[in-house]
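Predicted coordinates and the sequence they were generated for:
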Amino acid sequence: MADVTLPLADVGHDAHDTHVADHSADHGGAHATSLGLSNNKLGMWLFLGSECLLFGGLISVYMLYRGRLGNGPTPEQVYNVPFTSVSSFVLLMSSLTMVLAVTAAARKDLKALDTWLAVTALLGATFVGGQVFEFTEFYKHGLGFTTSLFGSSFYTLTGFHGVHVTVGIIMLMAVRRMIKKERVPGDKAEVVEIVGLYWHFVDIIWIVIFTLVYLIPA
Amino acid sequence: MSIATDAHDTASHDDGTVQTEHVGGEFDHAHKADIYYVKIAIFLAVLTGMEVGLKYIDIGALFLPVLFILMAIKFVTVVLFFMHLRFDSKWFNMAFWLGLGLAVLVYSGALATFKFWSR
């Protein structure tokens, strides 16, 4: 993510701007703009906004092609809603443990932070494991990636989401290790919060996927 | 009690709320006590249970609207409370909601060109 502070020349030279820049310099490398915002956090929010467009496209393609079954099985023949409901619950609870990690970071409770980050990663890994199991079962039932347009769009959508969860797990483990090794410069709470934003985003995308893909009949 | 930290000025209150003010002071958000988030998670779990329950009970034409409402409530609850957008800067709100709004607009239009809505 861009590690840049907006130049004051771009926003005008008044007393307030100068105060903000000085204040930022006093705080161990936290990056503030004249808006009083963190560049890193703003960057993450913009990234998440753009990710809505990516997943919007994938969801739309699935909605268009879910009835194009070819010679393959129908969604009702392969979906295991009770199993996916448990997976969804696990991912939802990982959002809770993530927000608990963020609050632990805000109150500088490093032990609780470490625990909640680990639990979040574990719940995420459980979700991804469930998805791998689900894909394997679908394949055994005759639904491959190229079996039908339904299969292609389903695996692309849920696979992309699974990759996002996996990247989130890597981010969680990396930030956990960096905090342990004292390699996070500046504000630790903000770093955890930014990783948390990404994690919650994969959760809200799954909320939509679960409803549109698994609960609505084709 | 106030504690000066790296980039936040943090004040812990008796009710367990931790008020955090970021650099520049233009925005602040409250990191609530853990129990606050546990209650929200229980609420979300109940909504998920209701969604799954709808799959197995016949409510006729109400099925889709109710399902979409439950999905929207879950989505917005996570964004506003777990992602702290309710307490955060309007710029962050704009970055996210504009992206989401654009996605909904673009893909609703794209689906319309395939006559998806009239099926």
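Structure's in. What do you need? Residues are numbered from 1 along each chain as shown, chains lettered A, B, ... in the order given.

drop to CA atoms for contacts and neighbour counts, all remaining ones
OK.

the helices in chain A, which residues?
With helices called from DSSP state H, chain A shows them at A:15-25, A:39-65, A:75-78, A:81-106, A:110-140, A:149-180, A:188-209.

Looking at the ones you listed, which is nearest to residue B:56?
With Cα to Cα as the criterion, residue B:56 lies closest to helix A:81-106 of those, at 10.3 Å.

List the buried residues for that closest one?
A:84-85, A:87-106 (16 or more other Cα atoms under 10 Å in any protein chain shown).

Is there proximity between that helix and chain B?
Yes - Helix A:81-106 lies within reach of chain B by Cα under 8 Å from any Cα of the partner chain, at A:81, A:85, A:89, A:92, A:93, A:95, A:96, A:99, A:100, A:103, A:106.

can you name the two of those residues that are farthest apart?
Most distant of these, by Cα to Cα, are A:81 and A:106, 37.6 Å apart.

And for residue A:61, the neighbour number?
Neighbour count of residue A:61, defined by other Cα atoms under 10 Å in any protein chain shown: 21.

err, residue B:108, not the other one
Neighbour count for residue B:108, taken as other Cα under 10 Å: 15.

Grab the nearest non-local neighbour of residue A:152.
Among residues not flanking residue A:152 along the chain, residue A:145 sits closest, at 4.8 Å (Cα to Cα, 6 or more residues apart in numbering or on different chains).

list the helices and strands the helix or strand hosting residue B:51 packs on?
Assessed by DSSP states H and E, residue B:51 sits inside helix B:34-56. If you count contacts as 3 or more Cα pairs under 8 Å, 6 or more residues apart in numbering or on different chains; DSSP states H and E, helix B:34-56 packs onto helix A:81-106, helix B:63-77.

Would you mind giving the helices of chain A as CSV with mean pLDDT added?
Shown next, in CSV, are the helices of chain A (pLDDT from 0 to 100):
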stretch, mean pLDDT
helix A:15-25, 41
helix A:39-65, 94
helix A:75-78, 92
helix A:81-106, 96
helix A:110-140, 97
helix A:149-180, 96
helix A:188-209, 96
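
For these, please prepare CSV with the additional fields distance to residue B:94.
Converted to CSV, the helices of chain A look like this (distance: least, Cα to Cα, whole Å):
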stretch, distance to residue B:94
helix A:15-25, 22
helix A:39-65, 9
helix A:75-78, 37
helix A:81-106, 22
helix A:110-140, 28
helix A:149-180, 23
helix A:188-209, 15
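
Between those, which one is closest to residue B:60.
Residue B:60 lies closest to helix A:75-78 among the helices of chain A, at 18.7 Å (Cα to Cα).

Buried residues, the closest one. List them.
With burial defined by 16+ other Cα under 10 Å, the residues of helix A:75-78 counted as buried are A:75, A:78.

mind saving the C-alpha coords of it as CSV?
Taking only C-alpha atoms (Å, rounded to 0.1, in the frame of the first residue of the first chain), the coordinates of helix A:75-78 have been written out as CSV:
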residue,chain,number,x,y,z
PRO,A,75,-27.1,-26.7,-8.2
GLU,A,76,-29.7,-28.5,-6.1
GLN,A,77,-28.0,-31.8,-6.8
VAL,A,78,-24.6,-30.7,-5.6
